[in-house]
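Engineer: build me a model:
(one chain, ligands or ions: 2)
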Amino acid sequence: MNRIKIIDLLKSTDFDKAVIVKGWIRNKRFSKNVAFIALNDGSTINNVQIVINNPEDELISKCTVGASLSVEGKWVQSQGSKQAGEVAADKVEILGLADPDAYPLQPKKHSLEFLREIAHLRFRTNTFGAIFRVRHAMAFAIHKFFNDKGFVYINTPLITASDAEGAGAMFKVTTLDIDNPPRNEEGKVDYKQDFFGRDTKLTVSGQLEGELAATALSEIYTFGPTFRAEVSNTTRHLAEFWMIEPEMAFYDINDNMDLAEEMLKYLIKYALDNCASDLEFLNNRLIEEEKTKPVNERSGMTLIEKLNFVISNPFARINYTEAIDILQNSNHNKKKKFKYPIDKWGIDLQSEHERYLVEHHFKSPVIVTGYPKEIKAFYMKLNDDNKTVKAMDVLFPQIGEIIGGSEREADYNKLVTRMREMGVPEKQMSWYLDTRRFGSVPHSGYGLGFERLILFVTGMSNIRDVIPFPRTPGNAEF
Ligand code: 4AD
Ligand code: MG
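Structural biologist: Numbering: from 1, shown residues only. Ligands and ions are numbered 1, 2, ... in the order given. Okay, the predicted model is just below:
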């Protein structure tokens, strides 16, 4: 007889049939002559109830929270109203004990901070089980979305010799002895002797290589880890995060915005359609969490209402200049409630400004385009005003920027001019410039921060809680 997964068993109405289930004890209750065990195998948020009649004392003492079991028994209709069926156990085998004095997870609410310290065990909680099932579903849905549209999945390198975009500090990759590196005649570290014969780093983005593929395969996407060594200890930044970067030949900035909006709505709808019990759990979790906040900080909508709202309303689309006007004239700005006051055109938007536009002004996701060229990357297409670029940031409630992208500068001369102005080494990037030298086409793309998407869909508020093993300044445990 084969093991049946709990998710399938709970749907079964095939009562009085023999079954084998395996999993970990989440909870237990003993009464006279009978033991009730809540068993979970991670296939669903829901536990199956195991009923053991006349259990031996030794078995009871070993059935502690966290221990793993294999149970043979009969799937029977339940007396209780909470579940349709339960397993009447004939044979219970303990696969692994969990010393109750040492096992840190008990059937009670643990704080997220505490669980972060035991990230190796937090998969075993309802909250993290739900989050990582949703994360999986979103990864799958991303591949499905692009595959159904005929996009080609491209793996771009993680080790790179180019600083793609000046997107921030990079991690060095080297096999040199850092205590005693070889030096050249000028006394500088001699990277010619390093593994790759040059100075290499972990990539901040797969975009530039993605453009090489898109200018032949037309529509591609990447989905991989990226690395940024900025010391930004916020609830929205990781040093190692996953990014999805589609890149499309023949798309202008409007096509790019349309695709980004369609993709986000598709992904959120996919979660609503396929992760119902996990989202219901996360929805209730958030309702409880909101109750602990001051009334003025509570969100007016539940998680599921928020997700439904986003899929059923168009995103607002404005340009940077309009955004600055709105922010500068807002009461919030006049009352000096922004940490970074808006005093002039040209400044970069901070997350507090992005969230103000989304949460207070438009009350919907917002796509901002036409940013000043000075605050954006060299490859973005210059507008006719010579001042702004065809950039787009998609801003979401609670998150701020979830997507950053642009139409790319397809004109060789204009691109080289921007590179010189911004100090991007032309020679080192000749492979990139070749796309503009041979059969250049209008093209566009964007990057979706995968963990920021998961934050939004799960309603969690700290990015460390939506990636299994977060990498942040000072933290590379596990
Ligand atoms: O806006 P960014 O820096 O854009 C790029 O890297 C472009 N190459 C994308 C492209 O056009 N192909 O990053 C894209 C997204 C951000 O909008 C954000 O969601 C996420 O990546 N992101 C981070 N997520 C977690 N931790 C960080 N440190 C992040 N930095 C960016
Ligand atoms: Mg950005």
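
Engineer: out of everything not next to it in sequence, what's closest to V48?
Structural biologist: Excluding its sequence neighbours, the residue lying closest to V48 (Cβ to Cβ, 6 or more residues apart in numbering) is I6, at 4.8 Å. Placement of C-beta: from N, CA and C, glycine included.

Engineer: got the contact list for the one you found?
Structural biologist: For I6, the contact set (Cβ atoms under 8 Å, 6 or more residues apart in numbering) comprises V21, G23, L39, N40, D41, S43, T44, N46, N47, V48.

Engineer: now with 7 Å?
Structural biologist: Counting by Cβ atoms under 7 Å, 6 or more residues apart in numbering, I6 makes contact with V21, G23, N40, D41, S43, T44, V48.

Engineer: residues touching the fourth one, list them.
Structural biologist: By Cβ under 7 Å, 6+ apart, D41 lies in contact with K5, I6, K22, G23.

Engineer: does I454 touch V466 like I think?
Structural biologist: Yes - counting by Cβ atoms under 7 Å, V466 is a contact partner of I454 at 4.0 Å.

Engineer: now the strand or helix carrying T417: average pLDDT?
Structural biologist: Taking DSSP states H and E as the definition, T417 sits inside helix 412-422. Across helix 412-422, pLDDT averages out at 95.

Engineer: so which of the contacts of D41 belong to helices?
Structural biologist: Applying DSSP state H to the contacts of D41, the entries found in helices are I6.

Engineer: got a quick ChimeraX command for the buried subset of the contacts of D41?
Structural biologist: Per 16 or more other Cβ atoms under 10 Å, the buried members of the contacts of D41 correspond to this ChimeraX selection:
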select :6,22,23
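
Engineer: just the pLDDT at S31, thanks.
Structural biologist: On pLDDT, S31 comes in at 88.

Engineer: that one bridge partners, please.
Structural biologist: Beta bridges link S31 to V34 when assigned by DSSP bridges.

Engineer: that one and S351: what is the separation?
Structural biologist: Look at S31 and S351: by Cβ to Cβ, to the nearest Å, they are 53 Å apart.

Engineer: wait, isn't L395 in contact with Y356?
Structural biologist: No - L395 is beyond contact range of Y356, at 9.8 Å (criterion: Cβ under 7 Å).

Engineer: name the residue in these two with the higher neighbour count.
Structural biologist: Neighbour tally, L395 and Y356, criterion other Cβ atoms under 10 Å: the higher count belongs to L395, 27 against 24.

Engineer: dump the residue contacts of the more buried one.
Structural biologist: E354, L357, V358, P365, V366, V368, E401.

Engineer: buried ones among the contacts of I6?
Structural biologist: Neighbour counting by 16+ other Cβ under 10 Å classes V21, G23, N40, D41, S43, T44, V48 among those as buried.

Engineer: which strand residues bridge the second one?
Structural biologist: When you say that, I think you mean G23. Using DSSP bridges, the beta-bridge partners of G23 come out as L69.

Engineer: so what's it up against?
Structural biologist: Contacts for G23 (Cβ under 7 Å, 6+ apart) come out as I6, L39, N40, D41, S68, L69.

Engineer: next one: the last one
Structural biologist: When the contact criterion is Cβ under 7 Å, 6+ apart, the partners of V48 are I6, L9, L10, V21, L39, E86, V87.

Engineer: out of the contacts of G23, who's nearest ligand 1?
Structural biologist: When the contacts of G23 are compared for distance to ligand 1 (Cβ to the nearest ligand atom), N40 wins out at 30.1 Å.

Engineer: one step back: show me the two of the buried ones among the contacts of I6 that sit farthest apart.
Structural biologist: Farthest apart among these by Cβ to Cβ are V21 and T44. That separation is 12.0 Å.

Engineer: tell me who's in contact with V134.
Structural biologist: Each residue near V134 by Cβ under 7 Å, 6+ apart is listed here: A271, C275, D278, I454, V457, T458.

Engineer: assign the third one to helix, strand or coil.
Structural biologist: I take that to be D278. helix (DSSP: H, G, I helix; E, B strand; the rest coil).

Engineer: burial measure for it, as a count.
Structural biologist: 23.

Engineer: that one reaches R133, doesn't it?
Structural biologist: Yes - judged on Cβ under 7 Å, D278 makes contact with R133 at a distance of 5.3 Å.

Engineer: number of nearby residues for the nearest residue to T160 once chain neighbours are set aside?
Structural biologist: Leaving aside its sequence neighbours, T160 sits nearest to T203 (Cβ to Cβ, 6+ apart; 4.5 Å). Here the number of neighbours of T203 (other Cβ under 10 Å) works out to 27.

Engineer: could you do Y379 as well?
Structural biologist: Around Y379 there are 25 other residues, counting by other Cβ under 10 Å.

Engineer: what's the answer for D57, then?
Structural biologist: The local packing of D57 (other Cβ under 10 Å) involves 7 other residues.

Engineer: quick check, pLDDT for it.
Structural biologist: For D57, the predicted pLDDT is 93.

Engineer: could I get the full set of strands for the stretch 1-150 of the chain?
Structural biologist: Ranges of strands within the stretch 1-150 of the chain are 17-31, 34-40, 48-53, 68-77, 85-96, based on DSSP state E, counting those that start in this stretch.

Engineer: what's opposite N53 in the beta bridge?
Structural biologist: V34.

Engineer: out of the contacts of L395, the closest to ligand 1 would be?
Structural biologist: Once Cβ to the nearest ligand atom is applied, the member of the contacts of L395 that ends up nearest ligand 1 is E401, at 4.4 Å.

Engineer: and the closest one, what element?
Structural biologist: Using DSSP H and E, E401 sits in strand 400-407.

Engineer: that strand near ligand 1 at all?
Structural biologist: Yes - Strand 400-407 is in contact with ligand 1 by Cβ under 6 Å from any ligand atom, via E401, I402, I403, G404, G405.

Engineer: what's the helix holding T417 packed up against?
Structural biologist: Other elements packing on helix 412-422 under the criterion 3 or more Cβ pairs under 7 Å, 6 or more residues apart in numbering; DSSP states H and E are helix 430-437.

Engineer: the helix it packs on: how far from the chain's middle?
Structural biologist: Relative to the mean C-alpha coordinate of its chain, helix 430-437 is positioned 32 Å out (Cα atoms, centre = their mean, to the nearest Å).

Engineer: for ligand 1, tell me whether it is touching it.
Structural biologist: No - if you take Cβ under 6 Å from any ligand atom as the test, helix 430-437 misses ligand 1, and the best it gets is 12.6 Å.

Engineer: and what of stretch 362-375?
Structural biologist: No - shown here: stretch 362-375 not in contact with ligand 1 (Cβ under 6 Å from any ligand atom), separated by at least 11.0 Å.

Engineer: just the ones of the contacts of V134 in helices?
Structural biologist: Mapping the contacts of V134 onto helices (DSSP H) picks out A271, D278, I454, V457, T458.

Engineer: and which of the residues you listed is nearest to ligand 1?
Structural biologist: Here the nearest of the ones in helices among the contacts of V134 to ligand 1, counting by Cβ to the nearest ligand atom, is I454; it sits at 10.5 Å.
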